[in-house]
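Engineer: Predicted model follows, preceded by the sequence.
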Amino acid sequence: MTNISKIDYQFREIANITNILHMVTLGYYGNLDDPAKEKIQQALNLLNITMDDANSEIQKIILHDQNLLKMKDEFISNVNHELRTPLTSIIGTTDYIIDTIHKLSETDILKRVKRIKTSSMDLLHLVNELLDFSKFEAGKLSCNLCNFNIQQILEKIKDTFEGFCKAKKINLHVDIQNFSIEHDPDHIYKILVNLVSNAYKFTESGEIRIETIKSSDFCQISVKDTGCGIHENDLENIFQRFNQGKIQNNKANGTGIGLHYANNLAQKHGGKISVESKLNHGSCFTLTLPIISQFKLQQKEVNQNGIKT
């Protein structure tokens, strides 16, 4: 018997008891004095109100589960599509080279090999995203804290996306700052890759700007784009698992886990990701981080108390 079936059975039993009590007040089982009838009627009224409230909550649970199931189905469908797209490109381009290699010039071969590399990188990014998300959901997130210069991450991001943006004729501006933070550099890189990847995916023309601000305790890294933007109604749920929002004209697909994973990863370090966006006027995602990761601060506090971490 499922949980819903058990609840339904319990509700039916309560309904039966309610009917019996109601029949008692009507005199089906003998006469009762007025005070006794009044007390039973009060109990009946309270029971009915409780049942109505419980039924309302159960309906919310059922609706939530149905929506979650629907989002999971969409997630699986999206992942299937996202995997097939680069794989189809790789296989198709490889077959073409094999079949026509004796006719192709060196320039033609190089062009198609670059296409294979781009599709391979897309596939690798997707697989890594799925693996990271799986580890995070299973509570197996590893963290290697160290002191590093933010310049290293920003230059790596620039190297990763500069070629892609140039091919799409999008201007990429990176404000490369020179200051140190104490975090897991791999985690910070993955967060920023997700933000910049989304900016690139949903921007057809204009620019992507990566800017940094540092204070004594916190730093902010903003990723601004001139893309299609996000509908106001979707901003509240943009970081939820499996949620992609309503992508304008379905210009780009995705798994719906990237922002959820990135924001939770930021929160693990004591930070957060905020968003400002307007439909057809671009988006700005801002990663705010403490200079020293909360992982490290918690670790120091535990050590001072003499408790093994």
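Structural biologist: Yes, it's here. Residues are numbered from 1 along each chain as shown.
Engineer: Name the helix or strand of the chain that has the lowest mean pLDDT.
Structural biologist: In the chain, the helix or strand scored least confidently by mean pLDDT, DSSP states H and E is helix 294-304, which has a mean of 54.
Engineer: For the stretch 201-309 of the chain, give me the ranges with low pLDDT.
Structural biologist: For the stretch 201-309 of the chain, applying pLDDT under 70 flags the ranges 241-256, 296-309.
Engineer: Just the buried positions in the host helix or strand of residue 266, please.
Structural biologist: Secondary-structure assignment from DSSP states H and E places residue 266 in helix 258-268. Of all the residues in helix 258-268, those buried under the rule 16 or more other C-beta atoms under 10 Å are 258-266, 268. Where you see a C-beta, it was placed from the backbone N, CA and C, and this is true even at glycine.
Engineer: Check which helices and strands that helix is in contact with.
Structural biologist: Under the contact definition 3 or more C-beta pairs under 8 Å, 6 or more residues apart in numbering; DSSP states H and E, helix 258-268 sits against helix 106-137, helix 185-201, strand 272-277, strand 283-290.
Engineer: Which SSE is immediately downstream of the longest one?
Structural biologist: By that I understand helix 106-137. That would be, after helix 106-137 and using DSSP H and E, strand 146-149.
Engineer: Not counting its own residues, what contacts that following strand?
Structural biologist: Contact partners of strand 146-149, identified using C-beta atoms under 8 Å, 6 or more residues apart in numbering, comprise 178-185.
Engineer: can we see that at 7 Å?
Structural biologist: 178, 180, 182, 185 (C-beta atoms under 7 Å, 6 or more residues apart in numbering).
Engineer: Regarding the first one, what is its secondary structure?
Structural biologist: This points to residue 178. coil (DSSP: H, G, I helix; E, B strand; the rest coil).
Engineer: give the contact list for it.
Structural biologist: With C-beta under 7 Å, 6+ apart, residue 178 has these contacts: 149, 151.
Engineer: got the phi/psi numbers for it?
Structural biologist: Per-residue torsions, residue 178: phi -130, psi 90 (degrees, to the nearest 10).
Engineer: Could you check how far it is from residue 155?
Structural biologist: Here residue 178 is placed at a distance of 11 Å from residue 155 (C-beta to C-beta, to the nearest Å).
Engineer: next one: the third one
Structural biologist: Computed as C-beta to C-beta, the residue 182 to residue 155 distance reads 19 Å.
Engineer: what do you get for the last one?
Structural biologist: As defined by C-beta to C-beta, residue 185 lies at a distance of 12 Å from residue 155.
Engineer: of the two, who's got more company?
Structural biologist: For residue 185 versus residue 155, neighbours defined as other C-beta atoms under 10 Å are more numerous around residue 185 (18 against 13).
Engineer: I'd say the more buried one and residue 150 touch.
Structural biologist: No. Residue 185 is not in contact with residue 150 according to C-beta atoms under 7 Å; the separation is 9.3 Å.
Engineer: List the residues that contact the spatially closest residue to residue 157 that is not a sequence neighbour.
Structural biologist: With C-beta to C-beta, 6 or more residues apart in numbering as the criterion, residue 157 has its nearest non-adjacent residue at 5.4 Å, and that residue is residue 192. Contacts for residue 192 were tallied using C-beta under 7 Å, 6+ apart; they are 153, 157, 221, 287.
Engineer: Give me the ChimeraX select line for the residues you listed, limited to the buried ones.
Structural biologist: Here is the ChimeraX command that picks out the buried ones among the contacts of residue 192, judged by 16+ other C-beta under 10 Å:
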select :153,157,221,287
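Engineer: got the contacts of residue 192 as TSV, with distance to residue 101 columns?
Structural biologist: Output for the contacts of residue 192, formatted as TSV (distance: C-beta to C-beta, whole Å):
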residue	distance to residue 101
153	40
157	36
221	45
287	46
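Engineer: between the contacts of residue 192, which is nearest residue 19?
Structural biologist: residue 287 (59.3 Å; C-beta to C-beta).
Engineer: Give me the three-state assignment for the residue lying closest to the closest one once chain neighbours are set aside.
Structural biologist: The shortest distance from residue 287 to any non-neighbouring residue, by C-beta to C-beta, 6+ apart, is to residue 221 (4.7 Å). Classification of residue 221 using three-state DSSP returns strand.
Engineer: Quickly list what residue 221 is bridged to.
Structural biologist: Beta-bridge pairing of residue 221 under DSSP bridges involves residue 212, residue 287.
Engineer: One more: the one 4 residues further on?
Structural biologist: Judged by DSSP bridges, the bridge partners of residue 225 are residue 208, residue 283.
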